[in-house]
Each structure stands twice: as structure tokens, then as C-alpha cells.
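> Have a look at this prediction, sequence included:
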Amino acid sequence: MASLLPGLLVLLLASAILPSNAVPLLPSQETALLSLKTAWGNNCVVTKTWIPDTDCSKWAGVLCDDRGMVIQVSISDLSCTGALTESVGNLTELMLLDVSNNWRISGSLPKSLSKLQKLESLGIRDNIHGRFSGGLPDSIGNLARLTYLAFRGTGLTGSIPRGLARLSRLEYLDLEWNLFTGEIPRELSGMAALNTFDLGGNRLTGSIPPTLAKIKGLKRLLVGNNKLSGALPVNDVLAIKSLEEVDLQHNRFTASSIAALATHPTLTDINLSWNVITGRVPSQFGQMKKLAALRLAGNRLRGKVPEALLRNMPNLHELDLSFNGLSGEFPWGYLNTAPVIEHLKLQRNAFTGAIPPDAFQKVHVAVFNISFNLFSGPMPNLGFMGGEEEPPVDVRGNYFWGSPEFIMSDRKVCPEEGQADPDSGDDEYLAALNCLGKSSTCNMKQQRSVAACTKFCGTSTTKGPCSGHGVCVPAGGSKFKCRCASGYKSVVGKPHECVKA
């Protein structure tokens, strides 16, 4: 009995030192973590709590089971640098590994990752200066329990591994902002549980494989900012009934009509900007009551914007039709039926007509850009607009008359050194710019013309230049004439006036 007392005493002392829920790390687990600590250096604040022979609960970012096996490592520490070592493969009970938002976690992905057969969540995202060498190994498909996989902004190269198709439980895939090349593998339709598919910001080519339409629960298809091409898959992949967000911007997709997409029942966010879409803006978009954002900028759309577009869209927050060839009058009368709209971008089209004074009675637009169109008439009252985003309001390059100070306020129209400063507060200079119809790239030669134009056309802010119905433009040499707004004409012998046509 006496021989048992020393051992019993040790147990009693241990229970007095460690808390009742203390779980010591098993040696193999401790060794694996200490290897990571060494690789990440002494600057990693989190791993300074990783001290040998201490309870697992003292190791920041680490969670263990009741046997002392590590089941979770989550390190988000901007001071961590170094490699993810092969020792991570010894954490065989690991269910979650996340080393996102660090300073410089880099190197190559350890081959031992394939040993983590119980891993459900793997995230290495947004390491500010970290870049991994090499690609994503095909063996990543051996992690059959994965539901979450994110390698965003890690610098991975090569092709998208076909082995991903074996991840039948995967719900979230984020490989955005890497250097992947080649085509999207058609086999990825094997990820039957997927709801988020994000391959944006890579260098992928080819088309979107129609086999992806087999992923019946897909909600977010994000493949923008690549080099993808071919026909826009409006009748297969984009017809998945569960889709909520589609981002195909900055690719080379073609389509002569997107009317089929405009009847989708669940879409809330559509971004098809900067592709090769022709035809007209479908009026069917006006039936999409759930739609919050419609971005069609930088395509080849023509014709008028249908009145039905805004008639029944109560949840629309953003409408971007900029950089197209749209014309005619914009349906301002229905803008108040979309009371939550915050971003309205119509710049670089050929819209005409005046903006009704009551167009913005029920809306507060944070970003409003209608620059470089053919809008005319009195300067609309937009003083209540604008938010924190830049530029909040831009109405340059139209035929408005009214307050030139408002047109030019906070506008850096002469950014180059040695040119005039539009923020100087010189009201006459601002008025003169409005008279000339110049709102950007004003050089010294144009400034000399401005003075003459101002003298010729007048700077009255009550009527504006050209009788308040046009803008004064150079007519060669030292001569100027009025370019009259829609519905007005110049007077013979009085080129500085505009009268009703």
C-alpha cells in the first residue's frame, strides 16, 4: 500500500494544478503544432501561447477533443509568416483548418493535407503578402468530408484539378483571385451539394461547361474577371432554378438576347458587365421582383430602356447600364417605384430629354452618374444626393443649363500639372466651362477660348448661356455658336440664342 502512495500523490497534485476540464495534448499533436510554430517564427502573436506540456485550452486558436487530439486550428493573425509544414498531416483528427487573413503564409501546399480524412473545412484566404508556389493538388479530392474549401488570393497556379469532382459534400468553393489557367473541368458537376461556385479573378479560358447545370442547388455562380468566352449559357447553367447571384463580368461571353435570363424566378444579383451582349434591354426584367442589382455595363446594347424595367422592381438597389449604345429618353417617371435604389449609372450612352423635377421624390441615390449623354433642359435638383462613395454625382458632358457651380463642384477636371484648377472657386471660370460644354481635359488653350465664349454667350445663372437652352461651343477660329438642346433651334443672325423649335 505504501508503494502506491507516491503515484497517488502525483495524481492528486496534478488534479490540483490542472482545471477540471483540462485536456493535455497528446505528444504527437503537440509536436505537430510546435513544428508549425517554428515555421511561423517568433512574430506570430497567437502561437506565443503554444507552450509545451500545457493544457490544450491554453493554446490560442486550437481546440481538442477529450482525448487530447486536435480537432480545430484557426489562426487569423496578421503577424504570422512562414510555411504550412508537412507536420499538419499528423493532426489526423482535424475537422477545421483555417489560416486566413495572415501576413505572409506562403510556400507550397503540403502533400500531407490529403491525410486529413476528417477535415470538413479548409480555409487559406486573403494572406496579404503570402503567395503559394505550385498548384492545387488533385489529391484534394480525397478529403471526402469537406463542405467548405477556400483558397482565395493565394497565388496558386496551374489548372483547376478534376479531383474536386469527388467532393460530393462540398457546399462552398472559393478559388477566387489566383492564377489558374485552362478550362473549367466539366467533371465539376460531381460536386452535387455545391451552393457557391467562385472561380473569379483567374485566367480561365473556354466556356462554362453545360454539365454544371446538374448542380441543382447552386445559388452563386461567380466566374467574373477571367477570359471565358462562348455563348452565354442562358438555357442551361443560368437556368438552374435555385440561382440567386450570377457574376460573369469582364469575360467575352456573347449573346444576342438575354430575355430568357430576365424571367428567372430567384435571381437577386446579375452582373454581365463587360462582355459582348447585343440587342436590347429586355422589358421582362421588370417582372423580377426579387432583383436587387442589375449590371449590364460595357456591352453593345442598343435602343430605348423599356418603361417596364422599373415599373415593378421594389427591391432594386443598383442599376448599371453605362458604356452601351442606349438612346431615347430614360423612364424617369418610374424611378420612384423603385424606392430603395442607391446606385444609378447611365454614363456613356446617348440618352436624351430632360429629367423631370419630381423624378427623385421617393429615392435617395448615393451614386448617380449620367455623364456624357445627350440629356438637356434645366439642371435637375440633385443637391440631396451623394454618399461616401466617389464620385457620388456626375452629370458632366450633357446639355443641362443652370448652376455651373454644381456641375463642376468637387470635380477634378484638370488633373494634370500646370492646368487650371476647377476647385479654385472662380465662379466665372466655372460658368465659362459650362458655356463651352467642357467638363474635362481642359488645357490652357481651351481656357483662352473660355474667356471669349463667356463674353459672347453670357454667364447668367438664371437663364444660362444660349438663352438657357443650350451650350456655347467653338465654331472655328475665335467664333462661337450655341448648340441648342432638344426641342430648340438657333436663331439666324443671333447664334448665341436658342428658341423653341
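Now that the structure is in, tell me what you want to look at.

> contacts for stretch 231-242?
195, 207-208, 210, 212-213, 215-219, 221, 246, 248, 253-255, 258, 260-261, 264-266, 272, 275, 277 (C-beta atoms under 8 Å, 6 or more residues apart in numbering). Placement of C-beta: from N, CA and C, glycine included.

> how does it look with 7 Å?
For stretch 231-242, the surrounding residues in contact (C-beta atoms under 7 Å, 6 or more residues apart in numbering) are 208, 210, 212-213, 215-219, 221, 246, 253-255, 258, 260-261, 265-266.

> Return stretch 182-202 as PDB; C-alpha atoms alone will do.
Extracted in PDB, the C-alpha atoms of stretch 182-202 (Å, rounded to 0.1, in the frame of the first residue of the first chain):
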ATOM      1  CA  GLY A 182      -7.100  26.400 -68.700                       C
ATOM      2  CA  GLU A 183     -10.700  25.400 -68.800                       C
ATOM      3  CA  ILE A 184     -13.300  24.800 -66.200                       C
ATOM      4  CA  PRO A 185     -13.500  20.900 -65.900                       C
ATOM      5  CA  ARG A 186     -16.800  19.500 -67.000                       C
ATOM      6  CA  GLU A 187     -16.400  16.900 -64.200                       C
ATOM      7  CA  LEU A 188     -17.000  19.500 -61.500                       C
ATOM      8  CA  SER A 189     -20.700  18.700 -61.800                       C
ATOM      9  CA  GLY A 190     -19.900  15.900 -59.400                       C
ATOM     10  CA  MET A 191     -20.000  18.500 -56.600                       C
ATOM     11  CA  ALA A 192     -23.700  17.900 -56.200                       C
ATOM     12  CA  ALA A 193     -24.100  19.700 -52.900                       C
ATOM     13  CA  LEU A 194     -22.400  22.900 -54.000                       C
ATOM     14  CA  ASN A 195     -24.200  26.200 -53.500                       C
ATOM     15  CA  THR A 196     -21.300  28.700 -54.000                       C
ATOM     16  CA  PHE A 197     -19.000  28.300 -57.000                       C
ATOM     17  CA  ASP A 198     -16.400  31.000 -57.100                       C
ATOM     18  CA  LEU A 199     -13.600  30.900 -59.700                       C
ATOM     19  CA  GLY A 200     -13.500  34.700 -60.300                       C
ATOM     20  CA  GLY A 201     -10.300  36.700 -60.900                       C
ATOM     21  CA  ASN A 202      -8.200  33.900 -62.600                       C
END
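
> pLDDT averaged over it - what is it?
What stretch 182-202 shows for mean pLDDT is 97.

> Neighbours of residue 144, how many?
By the criterion of other C-beta atoms under 10 Å, residue 144 has 13 neighbours.

> List the contacts of it.
residue 166.

> Could you turn the buried ones of the contacts of stretch 231-242 into a ChimeraX selection?
Selection of buried members from the contacts of stretch 231-242 for ChimeraX, criterion 16 or more other C-beta atoms under 10 Å:
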select :208,212,213,215,218,219,221,246,253,255,258,261
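
> Pull up the gap between residue 51 and residue 350, please.
69 Å (C-beta to C-beta, to the nearest Å).

> Give me the buried positions along stretch 235-242.
Quick answer for stretch 235-242 (16+ other C-beta under 10 Å): 237-238, 240.

> Isn't residue 61 up against residue 48?
No - using C-beta atoms under 7 Å, residue 61 is not in contact with residue 48; the gap is 11.3 Å.

> These two - which one has more neighbours?
residue 61 (17 against 13).

> for the more buried one, phi and psi?
Main-chain torsions, residue 61, degrees, to the nearest 10: phi 80, psi 10.

> Quick check: bridge partners of residue 98?
Residue 98 has these beta-bridge partners by DSSP bridges: residue 74, residue 123.

> pretty sure it is touching residue 123, no?
Yes - counting by C-beta under 7 Å, residue 123 is a contact partner of residue 98 at 4.2 Å.

> As a markdown table, the buried residues of stretch 235-242 with secondary structure would be great.
Below are those laid out as a markdown table (DSSP: H, G, I helix; E, B strand; the rest coil):
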| residue | secondary structure |
| --- | --- |
| 237 | helix |
| 238 | helix |
| 240 | coil |
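
> Pick the one among those residues closest to residue 376.
Closest approach between those and residue 376, by C-beta to C-beta: residue 238, at 38.4 Å.

> which ones among the contacts of stretch 231-242 are found in helices?
Judged by DSSP state H, helices contain none of those.

> and the contacts of stretch 231-242, which of them are in strands?
If you go by DSSP state E, the contacts of stretch 231-242 have 221, 246, 253-255 in strands.

> on that earlier part again, out of the buried residues of stretch 235-242, which one sits closest to residue 179?
Distances from residue 179 to those, taken by C-beta to C-beta, are shortest for residue 237, at 24.1 Å.

> Could you report the distance from the closest one to residue 94?
With the distance defined as C-beta to C-beta, residue 237 ends up 34 Å from residue 94.

> ok, now residue 246?
For residue 246 relative to residue 94 (C-beta to C-beta), the value is 35 Å.

> before we move on, what about residue 392?
Taken as C-beta to C-beta, the span from residue 392 to residue 94 is 48 Å.

> neighbour-wise, which of the two wins?
Using other C-beta under 10 Å as the criterion, residue 392 and residue 94 rank with residue 94 on top: 26 against 16.

> what's the nearest residue to that one if we skip its chain neighbours?
Leaving out its chain neighbours, the residue that sits closest to residue 94 by C-beta to C-beta, 6 or more residues apart in numbering is residue 116, at 5.2 Å.
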